[in-house]
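S.K.: sequence-free structure coming up:
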């Protein structure tokens, strides 16, 4: 919950299946176009 990930060479946030998404995640300028997997992210 509430994570921020920027300027990574891969995913911003990659959550394994079964993890709970507490919301408030932000990601941008990461190498993967989707920015996050397994959680919802906003820029």
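M.R.: Good, I have the coordinates. Source: prediction; values computed, not measured. Residues are numbered from 1 along each chain as shown.

S.K.: Which residue of this protein lies farthest from its centroid?
M.R.: Computed with Cα atoms, centre = their mean, the residue of the chain farthest from its C-alpha average is residue 18, at 15.1 Å.

S.K.: Please report phi then psi for that one.
M.R.: Backbone torsions of residue 18, given as degrees, to the nearest 10, read phi 100, psi -10.

S.K.: Now do the contacts for it.
M.R.: If you count contacts by Cβ atoms under 8 Å, 6 or more residues apart in numbering, residue 18 has none. Quick note: C-beta positions are derived from backbone N, CA and C, even for glycine.

S.K.: let's go with 10 Å and repeat that
M.R.: By Cβ atoms under 10 Å, 6 or more residues apart in numbering, the contact list for residue 18 reads residue 38.

S.K.: distance of it from residue 32?
M.R.: 21 Å (Cβ to Cβ, to the nearest Å).

S.K.: Run a quick neighbour tally on the residue nearest to residue 12 when sequence neighbours are not counted.
M.R.: Closest residue in space to residue 12, ignoring its immediate chain neighbours: residue 27 at 3.0 Å, by Cβ to Cβ, 6 or more residues apart in numbering. Neighbour count for residue 27, taken as other Cβ atoms under 10 Å: 23.

S.K.: again, but for the one 3 residues further on
M.R.: For residue 30, the count of nearby residues is 19 (other Cβ under 10 Å).

S.K.: hang on, it packs against residue 4?
M.R.: No - Residue 30 lies out of contact with residue 4 (Cβ atoms under 10 Å); the separation is 11.1 Å.
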